[in-house]
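J.: pasting the sequence and the predicted coordinates here, then a few questions.
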Amino acid sequence: MLANGSRATVAELASRVPRLVVLSITANREQQAQRIAQRGRESAGEVLLRLARAPKLELPPGVECMEIDNSGKIEDGVQAFLSALD
């Protein structure tokens, strides 16, 4: 099963799902800021505040994490995601 969830729910999910594997999709801060700004919903200051308050991913013991760097081309990130599902 594949589910999209919040970092805040990982501990709860780990207690309910026997073999939870987290796919953490990340990008460098500059790329994140650029992508958020391109949406046009937040000012430059709001983008910086949003990035500053982004929670760090903390995993409970025994939870596997596969990290996908999506800093480059979107197509490369998609391919890394699909490869992780194999």
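T.: Yep, it's here.

J.: residues in contact with Leu85?
T.: 2, 23 (C-beta atoms under 8 Å, 6 or more residues apart in numbering). Where you see a C-beta, it was placed from the backbone N, CA and C, and this is true even at glycine.

J.: oh sorry, the question was meant for Ser71
T.: 26-28, 31.

J.: strands of the protein, start to end?
T.: Listed in chain order, the strands of the chain (DSSP state E) span 21-26, 64-69.

J.: adjacent strands (with direction) for the first one?
T.: Within its sheet, and counting by DSSP bridges, strand 21-26 is paired with strand 64-69 (parallel).

J.: what comes up buried for the partner strand?
T.: Ile68 (16 or more other C-beta atoms under 10 Å).

J.: CA atoms only: put that strand into CSV for me.
T.: Provided in CSV are the C-alpha atoms of strand 64-69 (Å, rounded to 0.1, in the frame of the first residue of the first chain):
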residue,chain,number,x,y,z
GLU,A,64,13.2,2.4,7.2
CYS,A,65,13.6,5.6,5.2
MET,A,66,14.4,5.9,1.5
GLU,A,67,15.4,9.5,0.7
ILE,A,68,14.7,10.9,-2.8
ASP,A,69,16.5,14.1,-3.8
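
J.: for Thr26, what are its contacts?
T.: Per C-beta under 8 Å, 6+ apart, neighbours of Thr26: 67-71.

J.: pick the one among the residues you listed closest to Ala37.
T.: Ser71 (15.4 Å; C-beta to C-beta).

J.: where does Gln32 land on pLDDT?
T.: Listed pLDDT for Gln32 reads 92.
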